[in-house]
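Visitor: using only what follows, build the 3D model:
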Amino acid sequence: MTSTTLNLRNYMNGSDACIFREHHALTDDDVEFITTYLPLDCRSLIFIHTELTDTGVNHIATNLLLRGGNNLTNLSLIDAFVTDEGVKSLCDALISNKNNKIQKLNLSLNNSITCIGARAISKLFEDTNQSKLEVLDLSYTMIGCDGVYGLCKSLLQNTNIKLKCLDLTGTLTLKEKMQDTDLKDLINKIKSSRVETLYDYSGA
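Guide: All right, here's what the predicted structure looks like:
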């Protein structure tokens, strides 16, 4: 697949979502094309089981989140090989562009996202202008105790953010969750005051 042969309407099927799956072999040039020419009526951009490089994620951050000029409300990069560097690019762009419309960010199943990536998201939460984000999915990433702790603290500190859903499934082992009482207390505070729905089912 090359950018010259991409017809983005073919990936929308008459809906407002543009979806790329694992059988779509995308180059960095393809991702640059997609993010430059995304139709204005596209509200959801979804990559599922598609390998994205840091360069590709940076195209998403720069062309869609930073520069704006689109109506994107849902960005889902699911099992897309997103790294900590990619997360930082996305968060920096969201912080820099106060007019972004992103309400849902799904980074699930990216096992290269660690507590370093979680710190970038924590900085996003600390930005008082970031009140639009309603759904964040970090399930089955590798952010661990430190990452979850930082996210929860940032959420408690910024009263402008009121997530409808935060998914941390599989980011903690049952042992970690039960033994770290401070973290357990933080999660309970988040559940009762800052997030309408929080999924934090532990891994084995």
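
Visitor: ok, Ser122 touching Leu156?
Guide: No - the criterion here is Cβ atoms under 8 Å, and Ser122 misses it with Leu156 at 11.1 Å. C-betas here are computed from N, CA, C, even on glycine.

Visitor: CA-only coordinates of the lowest-mean-pLDDT helix or strand in the chain, as PDB, when you get a sec.
Guide: Least confident helix or strand of the chain, by mean pLDDT, DSSP states H and E, is helix 174-179 with a mean of 73. C-alpha atoms of helix 174-179 as PDB (Å, rounded to 0.1, in the frame of the first residue of the first chain):
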ATOM      1  CA  LEU A 174      -3.100  -8.800  42.100                       C
ATOM      2  CA  LYS A 175      -0.100  -8.900  44.500                       C
ATOM      3  CA  GLU A 176       0.900  -5.300  43.600                       C
ATOM      4  CA  LYS A 177      -2.600  -4.100  44.100                       C
ATOM      5  CA  MET A 178      -3.100  -5.800  47.500                       C
ATOM      6  CA  GLN A 179       0.300  -5.100  49.000                       C
END
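
Visitor: after it, which helix or strand is next?
Guide: helix 181-193 (DSSP states H and E).

Visitor: packing partners for that next one?
Guide: Under the contact criterion of 3 or more Cβ pairs under 8 Å, 6 or more residues apart in numbering; DSSP states H and E, helix 181-193 touches helix 144-157, helix 174-179, strand 195-199.

Visitor: and the ones you listed, which one averages the lowest pLDDT?
Guide: Confidence, taken as mean pLDDT, is least for helix 174-179 of these (a mean of 73).

Visitor: how far does it sit from its chain's centre?
Guide: Per Cα atoms, centre = their mean, to the nearest Å, the displacement of helix 174-179 from the mean C-alpha position of its chain is 25 Å.

Visitor: circling back: the more surrounded of Ser122 and Leu156?
Guide: Between Ser122 and Leu156, counted using other Cβ atoms under 10 Å, the more crowded position is Ser122 (21 against 15).

Visitor: and the gap between that one and His24?
Guide: 32 Å (Cβ to Cβ, to the nearest Å).

Visitor: same deal with Ser139?
Guide: 23 Å.

Visitor: could you do Asn111 as well?
Guide: Asn111 is 21 Å from His24, by Cβ to Cβ.

Visitor: so between the two, which is more surrounded?
Guide: His24 (15 against 12).

Visitor: could you check the pLDDT of the more buried one?
Guide: 75.

Visitor: which residues touch Leu40?
Guide: Residues near Leu40 by Cβ atoms under 8 Å, 6 or more residues apart in numbering: Asn70, Asn71.

Visitor: oops, could you answer that again for Leu45 instead?
Guide: Contacts of Leu45 (Cβ under 8 Å, 6+ apart): Ala17, Cys18, Ile34, Leu38, Ile60, Leu64, Leu72, Asn74, Leu75, Ser76.
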